[in-house]
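Participant: Here is a sequence together with a model predicted from it:
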2 protein chains.
Amino acid sequence: MATPTITAFDWVPDFAKGQVRDFRVRWALEEVGQPYEVRYLSQGEQKGPEHRARQPFGQVPTYEEDRLTLFESGAIVHHIASQWPGLFPDDAAGRALAIEWMFAALNTVEPPIGELAYVDIFEADKPWSKPRRPAVEERIASRLKDVAKRLGDQQWFNGDFSAGDLMMIAVLRIIETDPLLTAHPNLVAYVKRGTDRPAFRRAIDAQMAGFTGSPPPGFAEWEAKLKAGAGAN
Amino acid sequence: MATPTITAFDWVPDFAKGQVRDFRVRWALEEVGQPYEVRYLSQGEQKGPEHRARQPFGQVPTYEEDRLTLFESGAIVHHIASQWPGLFPDDAAGRALAIEWMFAALNTVEPPIGELAYVDIFEADKPWSKPRRPAVEERIASRLKDVAKRLGDQQWFNGDFSAGDLMMIAVLRIIETDPLLTAHPNLVAYVKRGTDRPAFRRAIDAQMAGFTGSPPPGFAEWEAKLKAGAGAN
């Protein structure tokens, strides 16, 4: 098989550095020890027809190997874990449990955490964001309480580190320093176990090294407007 | 293998009938022709310790077979599709593409659609909901435009009907009659192709037949308060 190629952005705002979703795929590839190539997309290419043919939403990452092109970081991590040893247990039941935590991370835990980015960043200048924040916090707090209780004093969710842990840690670290997360010492320790892994560090370093591009025209004004709006609310 | 057992609620508000997530698992089981048992949970049991041992978030569905207990409808549908023929293509690349659409449905398309339920139902009485609605609509419209464009005039996303289509249709039909969806005739036809399937009909009938319980104390007051609040905004 040829070396797989992923796509990534050549520039993102500071808040997204280390978080853009190609990170999750880089981490998985580093965990299984599979080298990869990166096709960097400049601002003009991200929503263009060539990239839309790979990724219908004009997002990253994508993953190409031989004749297969995939999008959705969850699906790509699943594919990597299916293809190389290290992220899925060998038995069918263990694999089902790892996949359970992948879906739990992406469909149960991440959606409310994603709303916090709307409140604090994308819609920071909207009049509804500040009054709405406590309700979003409550949704996140409720999920984290349940995740913390189920994790208990386990190292990982089901025995060895798996693609389920990779995805849950990738989601939890979005709010790594937020009191919502730091209220749960076992989740803090869990995230730290994940982010201390050599594969995690290599993936972060690789993503950061790829930000060599420039912001789109008007970015500084957009950012200033959001900051002023957030201050006014 | 023993007949698998899923969990479902014995009562939900009208807006949730036909949508509660055990529906997705019932549909998958009907597609592969696998009989199943249902353990119905009354209001008091849903958040109790026995069910939390199966489902850390106190939700449905769960899935039990022999010694394996799973939660998260995405993971359960994946497990069903892995175990019986009918929902995943036979080849690894086809399977990866079906899984891609499962994750796209659950992590890219469903989160903004889920926000509409907060705006219109769970937070209908909050002052931020009405002003916020257009921004949520815009997020959904943007996703649906991309989904519609990628689907084009295909019957299903990758050849035969798959677990990816099952999940995408389960998500799109949440807003089946909303102008956001009906703006896209090819998505309307896609959802109809899904909901016309005999397995879909059997799954809906089975879910509806299971609602034999009673609302929790205080439900009528909660509903009246939401409606009054929504009217006042």
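Facilitator: Cool, the structure landed. Quick caveat: nothing in here was measured; it's all calculated off a predicted structure. Numbering: from 1, shown residues only, chains lettered A, B, ... in the order given.

Participant: Could you check how far A:Arg52 is from B:Met168?
Facilitator: In this view, A:Arg52 and B:Met168 are 18 Å apart by Cβ to Cβ, to the nearest Å. (C-beta placed from N, C-alpha, C; glycine too.)

Participant: Of those two, which one has the most company?
Facilitator: Taking neighbours as other Cβ atoms under 10 Å in any protein chain shown, A:Arg52 and B:Met168 compare with B:Met168 leading, 26 against 16.

Participant: Touching, that one and B:Val147? I think so.
Facilitator: Yes - using Cβ atoms under 8 Å, B:Met168 is in contact with B:Val147, at 7.4 Å.

Participant: so what sits against both of these two?
Facilitator: B:Val109 (Cβ atoms under 8 Å, 6 or more residues apart in numbering or on different chains).

Participant: Going along the chain, name the strands of chain A.
Facilitator: A:5-9, A:37-41, A:62-65, A:68-71 (DSSP state E).

Participant: Can you say which of these is nearest to chain B?
Facilitator: Chain B lies closest, by Cβ to the nearest Cβ, to one member of these: strand A:68-71, at 4.7 Å.

Participant: For that closest one, which outside residues touch it?
Facilitator: By Cβ under 8 Å, 6+ apart, strand A:68-71 touches A:54-57, A:59, A:61-64, A:76, A:79, B:93, B:96-97, B:100, B:104.

Participant: what separates it from the chain centre, distance-wise?
Facilitator: What separates the centre of strand A:68-71 from the centre of its chain is 18 Å, taken as Cα atoms, centre = their mean, to the nearest Å.

Participant: And stretch A:216-233, by the same measure?
Facilitator: 24 Å.

Participant: Now it - C-alpha only, PDB.
Facilitator: Taking C-alpha atoms only, stretch A:216-233 is exported to PDB below (Å, rounded to 0.1, in the frame of the first residue of the first chain):
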ATOM      1  CA  PRO A 216      -7.800  35.100   5.100                       C
ATOM      2  CA  PRO A 217      -8.400  38.800   4.200                       C
ATOM      3  CA  GLY A 218     -10.600  40.300   6.900                       C
ATOM      4  CA  PHE A 219      -9.700  37.800   9.600                       C
ATOM      5  CA  ALA A 220      -8.300  40.500  12.000                       C
ATOM      6  CA  GLU A 221     -11.500  42.600  11.600                       C
ATOM      7  CA  TRP A 222     -13.700  39.500  12.300                       C
ATOM      8  CA  GLU A 223     -11.800  38.700  15.400                       C
ATOM      9  CA  ALA A 224     -11.900  42.200  16.700                       C
ATOM     10  CA  LYS A 225     -15.600  42.400  16.100                       C
ATOM     11  CA  LEU A 226     -16.200  39.200  18.000                       C
ATOM     12  CA  LYS A 227     -14.000  40.400  20.900                       C
ATOM     13  CA  ALA A 228     -15.800  43.700  21.100                       C
ATOM     14  CA  GLY A 229     -19.200  42.000  21.000                       C
ATOM     15  CA  ALA A 230     -18.300  39.600  23.700                       C
ATOM     16  CA  GLY A 231     -17.100  42.400  25.900                       C
ATOM     17  CA  ALA A 232     -20.300  44.300  25.300                       C
ATOM     18  CA  ASN A 233     -22.600  41.500  26.400                       C
END
